[in-house]
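Asker: just the structure for this:
(one chain, ligands or ions: 2)
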Amino acid sequence: MTNRYPPINPKCTSMLHGGDYNPDQWIKTPEIWDEDMRLMKLAGCNAMSVGIFSWTALEPQEGKFEFGWLDTIMDKLAENSAFAVLATPSGARPAWLSRKYPEVLRVRPDRGRNLHGHRHNHCLTSPVYREKTAIINRKLAERYKDHPALLVWHISNEYNGECHCELCRAAFVNWLQRKYGDLDALNQAWWAAFWSHTCTDWSQIESPSEIGEHCVHGLTLDWKRFVTDQTIDFFRSEIAPLRELTPDVPVTANFMGLYPGLDYWKFAKAVDVASWDNYPSWHGPDGDTPLAASISFVHDINRCLKNGKPFMLMESVPSTTNWMEVAKRKRPGMHLLSSMQAVAHGSDTVQYFQWRKSRGSSEKFHGAVVDHVGHENTRVFRDVAGVGEALKKLDAIVGTTVRPDVAVICDWENRWAIDGMQGLGRHVRKYVETCIAHYRPFWSKGVPVDVIDETFDFSSYKLLIAPMLYMLRPGVAERSRSFVAEGGTFVTTYWSGIVDENDLCFLGGWPGDGLREVLGIWDEELDGLYPDDRNRIVMTEDNALGLAGEYDVRELCGLIHSEGADILATYGDDFYAGRPALTVNAFGRGKAYYVASRNSDEFLADLCGRLIADLDIRPVIEAPLPVGVTAQMRSDGVDEFVFLMNFTAGEQKIDAGGESFIDMLAVEPVKGDIRLEGYGLKILRRPARAT
Ligand code: GLA
Ligand code: ZN
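Answerer: Residues are numbered from 1 along each chain as shown. Ligands and ions are numbered 1, 2, ... in the order given. Alright, predicted model coming up:
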């Protein structure tokens, strides 16, 4: 696998810095546009996202186009050595379109049709909407295909939601017909005999709704899959004219992190470069450390969406948003730190929402690089300019990546299945939280991790962690089995191997589909605990992990039987005291661990610490890291770029032994003790270590 990817677009070999830019809100004051250009240079911005919500400004009446203002902006960007991340405007429609063609308006699950307004409120299936977006997109591509400023296509904005209109229903039925062929297969997959839900004609199928069908889990899952496929299909119809006219300009769609409504693993295959919008609420009551680890987790997802290829941090806020519960300002240092956190995990850009605060409407108090005061003498502007300065020193990092030994699975279809089922108690499911809990120990120890879904190739990893692998999608059990047989270490937990891809339970003992043999256990039943209930797991004497003592257990306890696996810990309390709680099974050349209960973070830290040591997994830096500090890295195979990041308010020291680095921001050599200010970071370059 390559270790250096080409830049996002060869037109620009530097890191990109910029943000959502809405010059069409200032058409009547073009002197502001000139001021924008001056300020962009001062802030070190080179990439502005233009035209995201500009449809009415570009096509004020059906078929009547006005590109004058955008021509001026594109030219000004080029004159100032900046680039356009040029948007297609389908994120918000002109009113004339909704008036004339009401079918473009979305229908809610209660089957009521929305009025025109807001944004992101359209039918994904409507042929009229697809036709109108294709027309405006073609016009944009025709006009700017040879423009020196055109760098990346930003397709629509944050695709989300679903439509329950008759057009969408028909498309769903079509999708089901392609998937199942006949109704018999569909009824079997949906276990439709239950409550007399057998469909005897395709016309009886409806999308799920609280006022209608919502308990057939196979249907709900298929609907979610359909919504993802239909969104991708709409996206493809948007990019068709762009592909034809600008085949060399990459396309992206800005994703929303852990948004549950779309399977981003699948969607990512259709984009050239992944991008996402990141809005953490820093300095909250839970502290910055756990939040920082969760944000790193999402950055890692975004790098893995395209198998390690650098992504774009498409939006982030220079100060605070207008929608957070508490609009707490980033403390000094946090803006640079959180921006570089994205770069540390593989982003080749730092972009914001938004460049300049609007005067009116709902985002006028949303953080921006340029505030209503209009000049550069603000704390926020200086912070942004600081990021611009830093990015200019990081050309060598563009296109580099990381190839971790560890992967954590976080699968969207599995998530849908866990969230959609009835059972287990709603508040204790916590699938994504559980994935993050298994990621955090590696983050704290400075061990890079890939976050992947069930469809990935597992073979390049030493350690594969698959928390709550409830739904085994086709081939996953088989690939996990060969992964272990060939020497890999596999860790899974309670509530794994329960259902197949249609949410039909495996018969004959869990974990199903052959995983029982790999793990050497049978999981007979799962005990749910009330919030204040606790159990314990007690490490067995001389266990192979070398762990001693006991750990707290809450919420979920699997009552398992060893069928050949070694017992590493047993329960401490209740009627199952003494029964196995943690096992390891030698299978082929590898090992498979089963964690039967939901254990404390201390347990996960100790378990992962042992596995890191046993498997010779190298942390980024050979030194213990203080709590709240992480180390991440990128490399091109020749050099390594080490990011040491302190997410605590206090100064921290790291004893880097005798290792020498070049500090890329201070541009000076560093050796020995490394000091990080509160919310401080270092980006250090060293020759790649031998593998
Ligand atoms: C989203 C949208 C932007 C803007 C920001 C505000 O990310 O894409 O247009 O509304 O939220 O935080
Ligand atoms: Zn629709």
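
Asker: how about the contacts made by V499?
Answerer: For V499, the contact set (C-beta atoms under 8 Å, 6 or more residues apart in numbering) comprises A417, Y470, M471, L472, C505, F506. In short, each C-beta sits where N, CA and C put it, glycine included.

Asker: what of G261?
Answerer: Counting by C-beta under 8 Å, 6+ apart, G261 makes contact with N160, G161, E162, K224, V227.

Asker: doesn't the third one lie inside a helix?
Answerer: The one in question is E162. No: going by DSSP: H, G, I helix; E, B strand; the rest coil, the assignment for E162 is coil, not a helix.

Asker: I figured it hits V227, correct?
Answerer: Yes: at 4.6 Å, E162 counts as touching V227 under the criterion of C-beta atoms under 8 Å.

Asker: shared neighbours of these two, anything?
Answerer: Residues touching both E162 and V227 (C-beta under 8 Å, 6+ apart) are L124, G261.

Asker: filter the contacts of G261 down to the buried ones and hand me the PyMOL line.
Answerer: Selecting only the buried entries of those in PyMOL, with 16 or more other C-beta atoms under 10 Å as the criterion:
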select buried, resi 160+162+224+227
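
Asker: nearest to ligand 1 among the contacts of G261?
Answerer: Lowest distance from ligand 1 to the contacts of G261 (C-beta to the nearest ligand atom) belongs to N160, with 9.7 Å.

Asker: I'd assumed L262 was in contact with that closest one.
Answerer: Yes: counting by C-beta under 8 Å, N160 touches L262, with 7.0 Å between them.

Asker: domain ranges for the protein?
Answerer: Listed domain ranges for the chain are 16-397, 406-614, 629-687 (source: automatic domain parsing).

Asker: reformat those as TSV; add distance to ligand 1 and mean pLDDT.
Answerer: As requested, those are arranged in TSV below (distance: least, C-beta to the nearest ligand atom, whole Å; pLDDT from 0 to 100):
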stretch	distance to ligand 1	mean pLDDT
domain 16-397	4	98
domain 406-614	19	97
domain 629-687	22	96
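
Asker: which strand or helix spans F643?
Answerer: For F643, the enclosing helix or strand under DSSP states H and E is strand 639-646.

Asker: what sits up against that strand?
Answerer: Contacting residues not belonging to strand 639-646 are listed as 292, 337, 340-341, 343-344, 394, 396-397, 400, 620-621, 626, 628-635, 652, 654, 661, 664, 674, 676-689 [C-beta under 8 Å, 6+ apart].

Asker: one more time with 7 Å
Answerer: 337, 340-341, 344, 396-397, 400, 620-621, 628-635, 652, 654, 661, 674, 676, 678-689 (C-beta atoms under 7 Å, 6 or more residues apart in numbering).

Asker: in strands, which of those fall?
Answerer: Among the contacts of strand 639-646, the ones falling in strands (DSSP state E) are 629-635, 652, 654, 661, 674, 676, 681-687.

Asker: quick one: buried ones out of those residues?
Answerer: Listed as buried from these are 629-635, 652, 654, 661, 674, 676, 681-686; burial here means 16+ other C-beta under 10 Å.

Asker: grab the longest helix from the chain for me.
Answerer: helix 217-245 (DSSP state H).

Asker: may I see the buried residues of it?
Answerer: So, applying 16+ other C-beta under 10 Å, buried residues of helix 217-245: 217-235, 237-239, 241-242, 245.

Asker: and what of stretch 519-527?
Answerer: Buried-residue list, stretch 519-527, by 16+ other C-beta under 10 Å: L519, G520, I521, W522, D523, L526, D527.

Asker: so which helix or strand takes in the closest residue to G257 other than its chain neighbours?
Answerer: Nearest residue to G257, sequence neighbours excluded (C-beta to C-beta, 6 or more residues apart in numbering): V298, at 4.7 Å. Following DSSP H and E, one finds V298 within helix 288-305.

Asker: same check, this time on D272
Answerer: Applying DSSP H and E, one finds D272 in no helix or strand.

Asker: picking up where we left off before, which of the ones in strands among the contacts of strand 639-646 are close to ligand 2?
Answerer: Among these, none lies close to ligand 2 by the criterion of C-beta under 5 Å from the ion.

Asker: the contacts of V499 in strands, which ones?
Answerer: Among the contacts of V499, the subset assigned to strands under DSSP E is empty.

Asker: out of these, which is nearest to ligand 2?
Answerer: Of all the contacts of V499, A417 has the smallest distance to ligand 2: 24.8 Å, by C-beta to the ion.

Asker: buried stuff in stretch 99-107?
Answerer: Y101, E103, V104, L105, R106, V107.

Asker: check contacts around the last one.
Answerer: When contacts are counted by C-beta under 7 Å, 6+ apart, V107 touches R113, C163, H164, C165.

Asker: what's around the last one, how many residues?
Answerer: Other residues lying near C165 total 21 when counted by other C-beta atoms under 10 Å.

Asker: give me the phi and psi for S196.
Answerer: phi 60, psi 40 (degrees, to the nearest 10).

Asker: quick check, W69 in a helix?
Answerer: Yes: W69 forms part of a helix when assessed by three-state DSSP.

Asker: identify the residue nearest it in space, chain neighbours excluded?
Answerer: I27 (5.5 Å).

Asker: got it, and G388?
Answerer: G44 (2.0 Å).

Asker: swap in Y679?
Answerer: G333 (3.2 Å).

Asker: quick check: closest non-adjacent residue to A189.
Answerer: N502 (4.3 Å).

Asker: so the one you found is in which element?
Answerer: Judged by DSSP H and E, N502 forms part of no helix or strand.

Asker: and which of the buried residues of stretch 519-527 is nearest to ligand 2?
Answerer: Nearest to ligand 2 out of the buried residues of stretch 519-527 is L526 (C-beta to the ion; 39.3 Å).

Asker: could you pull out the strands for the stretch 501-650 of the chain?
Answerer: 521-528, 535-539, 550-562, 566-571, 580-587, 590-595, 597-599, 629-635, 639-646 (DSSP state E, counting those that start in this stretch).

Asker: partner strands of the shortest one, with direction?
Answerer: For strand 597-599, the paired strands and their directions (DSSP bridges) read strand 550-562 (antiparallel).

Asker: got the angle between the partner strand and strand 521-528?
Answerer: Per axes from the mean of the first three to the mean of the last three C-alpha atoms, to 10 degrees, the angle that strand 550-562 makes with strand 521-528 is 130 degrees.

Asker: contacts for strand 550-562?
Answerer: 428, 494, 520-529, 534-539, 571-572, 576, 579-580, 583, 594, 596-600, 602-603.

Asker: weed out the non-buried ones from those residues.
Answerer: For these, a burial check counting by 16+ other C-beta under 10 Å picks out 428, 494, 520-523, 526-527, 529, 535-539, 571-572, 576, 579-580, 583, 594, 596-600, 603.

Asker: list the buried residues in stretch 394-407.
Answerer: L394, I397, V398, G399, T400, T401, V402, P404, D405, V406, A407.

Asker: ok, stretch 171-182 next?
Answerer: A171, F172, V173, W175, L176, Y180.

Asker: out of those, which comes closest to ligand 2?
Answerer: A171 (7.9 Å).

Asker: mind checking how far the closest one is from H217?
Answerer: Here the distance between A171 and H217 works out to 21 Å (C-beta to C-beta, to the nearest Å).

Asker: cool, R138 as well?
Answerer: According to C-beta to C-beta, R138 stands 42 Å off from H217.

Asker: next: R236.
Answerer: For R236, the distance to H217 - C-beta to C-beta - is 29 Å.

Asker: picking that back up, now the domains of the chain in TSV, with distance to N3?
Answerer: Output for these, formatted as TSV (distance: least, C-beta to C-beta, whole Å):
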stretch	distance to N3
domain 16-397	9
domain 406-614	13
domain 629-687	4
